[in-house]
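Asker: A structural model of the following input is requested.
(one chain, ligands or ions: 1)
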Amino acid sequence: MDAVRIYGGNCLSGQTKIQGSKNASLPILAATLLIDGTCEITNCPDISDVYHMLRLLESLGCVVSREADAIRIDTKGVAECDMPADSVGVMRSSIMLLGALLARMGEVAMEYPGGCVIGRRPIDQHLYTLRRMGVEITEGPEGFCARAGRLHGAVHELPFVSVGVTENLVLAAVLAEGETVIHPAAREPEIQALCEFLVSAGGKIEGAGTDRLVIEGVKKLHPVRFRVPADRIVAGTWLAACLCAGGRVFLEDAPCGQMESVLACAENLGVNLRRLPEGLLVEGRACKGLKEALVTAVYPGFPTDLQSLFMAVIAFSGHGGRIEETVFENRFRIVQELQKMGADIRVEGNRATVRGGRKLHNTIVEAKELRGGAALVVAALAAEGTGIVTNRHFIDRGYEDIARSLRDLGAEIELT
Ligand code: EPZ
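Answerer: I've put the predicted structure just below:
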């Protein structure tokens, strides 16, 4: 079966190593197209989204090999600019190949990338900003064709912060003619990792981690070896597991410096944290109520990707709480599933109110997308009885093996 079985109601105890960041790996893998030669990327997570990205690179003519946790990508043979629809459609991050391929090949034909249940996820800003850098884009019902000579720099004053648009523009600008300014740029650690990768390959990028990026186009980049940082969202997922089920866990390599908004929220919920150079020590469980609503925001605010996880935490905290989702328009899909477990949650627009004092019980629930699916597994750890979370393939997009990681932390859990 495509599911996870969880025997709930036990405290956690143990330690697990945090995998490499999915959302840093994907743009960095796309960025190898800008480099003629062989790059070696280490600490890439073994997840289906990385598999699909590597398949897309191979479909373009790259030679990809994997030795242990190192992925080697030789782009010398890149010749195609037509990507297989099944891999493009299945994950949104295929849009990141657009900027890189235009810079490398000058032409791309692709289907519209997959949206998902959390929102429409349009690409209007991707297309609008690339047009301003000299790209001609012809849109059809299923997809679009983009062509450009040498891209030229531009000053982009964006209407809102977008992680993907910032990444695409960096990839388009790093070999473009002249200077490109991106403001407000996304400040996520994944953007910083992408910029570090490109600078190590000879790119000229100022302002990584700030809301203003300035990229001076260069003629050529050279092959590099680069290590992907640990995944702050996966670390936040295992933190939420301990907040729900209680116990004492050590999260090796947890990037605490990139998680301050999440750690502050966890401490307000009553758990003890010790930020160590090697990782994060978590003791206790969520036992207090949040005085303020939990509001998601762009980095360094509370990450939208952990909103579902902390909805589960609040449902178990005994005190309830309020949540406001400001990034995506439909990211409360787990409410219906948590209600099947006995949670009392009211949704009004982009606000959810979780009532406290409810005993949750395990049952069969359905994952509908990546982070919501992980949140249901985390909730099942704390609920009474045996739970089943179906549609595990959504979870496998972002977690190497959710059962193995949680078993490391003492959970009774198995894939089925
Ligand atoms: C990235 O998605 C992440 N994905 C998401 O993680 C994450 O939730 C999101 O950033 C926000 O942090 C990857 O990095 C692969 P956005 P992205 O562009 O780039 C709207 C996960 O679980 N928008 O910052 O698609 C958009 O609809 C995933 O790992 C437009 O309207 O997010 C959203 O409402 C889920 N037009 C808002 O901007 C556009 O052209 C922010 O989205 C582009 C975006």
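
Asker: who are the packing partners of the one helix or strand Gln339 maps to?
Answerer: Using DSSP states H and E, Gln339 sits in helix 335-340. On a contact count with 3 or more C-beta pairs under 8 Å, 6 or more residues apart in numbering; DSSP states H and E, helix 335-340 meets helix 307-316, strand 345-348, strand 364-366, helix 370-382. Placement of C-beta: from N, CA and C, glycine included.

Asker: ok, which of the ones you listed comes nearest the ligand?
Answerer: helix 370-382 (4.8 Å; C-beta to the nearest ligand atom).

Asker: ok, what's across the strand from Glu412?
Answerer: Tyr7 (DSSP bridges).

Asker: pretty sure it contacts Tyr7?
Answerer: Yes. If you go by C-beta atoms under 8 Å, Glu412 and Tyr7 touch, sitting 3.8 Å apart.

Asker: just list the residues touching the residue in the stretch 151-300 of the chain positioned nearest to the ligand, thanks.
Answerer: Closest residue of the stretch 151-300 of the chain to the ligand, C-beta to the nearest ligand atom: Gly164 (2.7 Å). By C-beta atoms under 8 Å, 6 or more residues apart in numbering, the contact set of Gly164 is Arg92, Ser93, Ile95, Met96, His126.

Asker: gap between the helix or strand hosting it and the chain center?
Answerer: Secondary structure assigned from DSSP H and E places Gly164 in helix 163-173. How far helix 163-173 lies from its chain's middle: 16 Å, per C-alpha atoms, centre = their mean, to the nearest Å.

Asker: leaving out sequence neighbours, find the closest residue to the residue of the stretch 201-350 of the chain found nearest the ligand.
Answerer: Nearest residue of the stretch 201-350 of the chain to the ligand: Asp305, at 4.5 Å (C-beta to the nearest ligand atom). In space, Asp305 comes closest to Ile233 once its chain neighbours are excluded; the distance is 4.7 Å by C-beta to C-beta, 6 or more residues apart in numbering.

Asker: how much space between the one you found and Cys39?
Answerer: For Ile233, the distance to Cys39 equals 24 Å [C-beta to C-beta, to the nearest Å].

Asker: quick one: is whichever strand or helix holds Cys145 near the ligand?
Answerer: Using DSSP H and E, Cys145 sits within strand 143-147. No. Strand 143-147 does not reach the ligand (C-beta under 6 Å from any ligand atom); its nearest approach is 12.9 Å.

Asker: just give me how far the helix or strand just after that strand sits from the chain centre.
Answerer: Under the assignment DSSP H and E, the closest C-terminal helix or strand after strand 143-147 is strand 155-157. In this view, strand 155-157 has its centroid 25 Å away from the chain centroid, taken as C-alpha atoms, centre = their mean.

Asker: same thing with stretch 181-191?
Answerer: In terms of C-alpha atoms, centre = their mean, the gap separating the centre of stretch 181-191 from the centre of its chain is 15 Å.
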